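[1] one predicted model, sequence on top.
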Amino acid sequence: MRITETVEITSSLAEELTAVWERSVRATHLFLSEKEVAEIKKYIPQALHGIAHLIIAENRDGCPVAFMGIEDQKLEMLFIAPEERGKGLGRRLIQYGIEHYSVNELAVNEQNPLAKGFYEHMGFYAYKRTDYDEQGNPYPLLYMKLR
C-alpha cells in the first residue's frame, strides 16, 4: 500500500476517488437514502478540488483504495473502500495526518458508530454534538478532538 499526497486532481482521478467514496458511503452510511447518496455524490469532485491537502492510498496496482482530506489541522474527509477496511489502512492514514499536518480535530456522523469507535480508538474524544450536519440535514454530528 502506498500513501501519496496529490497536487493535481485530474478528471480521471476525481472519478476514481468518487467511486471509492461511493463504495465507502454505501458500506458505512446506512442512514442515507439512495437519493441522498446520489445527491451528495454530485459534490464530491468539487470537494476534492477544494481541499488543501488530499492524501491517497493506492493498492499495488496503483489504484486508489482510500483517501483523506485535511484543512487547517482538521480531518475533513476519510473514506476507505469496503474491501480494504480492517487492514490498518485507516490507522496509517490518521497517523500520517497527525504526523505531517498536526491533525487534531474532526467531525463524524453520530449514526456511523464504527467510524466513531475507530476515531476514539485513535485517541479522539467527542467534545460537541449537533442535531444537524453541516448542510442542515437531520444527521447529528459529533465533533472530536485528539487527546
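    All right, it came through fine. Numbering: from 1, shown residues only.

[2] strands paired with the worst-scoring helix or strand of the chain on mean pLDDT, and their directions?
    When each helix and strand of the chain is scored by mean pLDDT, DSSP states H and E, strand 2-6 comes last, with a mean of 85. In the sheet, strand 2-6 lines up against strand 53-58 (antiparallel) (DSSP bridges).

[3] any idea of the mean pLDDT in the strand it pairs with?
    Strand 53-58 carries an average pLDDT of 96.

[4] how far does it sit from its chain's centre?
    Taking Cα atoms, centre = their mean, to the nearest Å, the mean C-alpha location of strand 53-58 is offset from the chain mean by 10 Å.

[5] which of the three states applies to Leu106?
    strand (DSSP: H, G, I helix; E, B strand; the rest coil).

[6] show me what the helix or strand containing Glu39 is packed up against.
    According to DSSP states H and E, Glu39 maps onto helix 34-41. The contact analysis (3 or more Cβ pairs under 8 Å, 6 or more residues apart in numbering; DSSP states H and E) places helix 34-41 against helix 11-28. In short, each C-beta sits where N, CA and C put it, glycine included.

[7] how about residues contacting the helix it packs on?
    With contact meaning Cβ atoms under 8 Å, 6 or more residues apart in numbering, helix 11-28 is reached by 6, 9, 32, 37, 40-41, 44-45, 48-49, 56, 63-67, 79-82, 85, 112, 114-115.

[8] give me the angle between it and helix 34-41.
    150 degrees (axes from the mean of the first three to the mean of the last three Cα atoms, to 10 degrees).

[9] give me the nearest residue to Phe67, chain neighbours excluded.
    Sequence neighbours aside, Ile56 is the residue nearest to Phe67 in space, at 4.7 Å (criterion: Cβ to Cβ, 6 or more residues apart in numbering).

[10] my read: that neighbour touches Thr4, true?
    Yes. The pair Ile56 and Thr4 passes the contact test of Cβ atoms under 8 Å, sitting 5.6 Å apart.

[11] which one's more surrounded, the two?
    A direct count of neighbours by other Cβ atoms under 10 Å for Ile56 and Thr4 places Ile56 higher, at 20 against 13.

[12] do you know how far the more buried one is from Thr28?
    19 Å (Cβ to Cβ, to the nearest Å).

[13] nearest residue to the middle of this structure?
    In the chain, the C-alpha nearest the mean C-alpha coordinate belongs to Leu78, at 1.6 Å (Cα atoms, centre = their mean).
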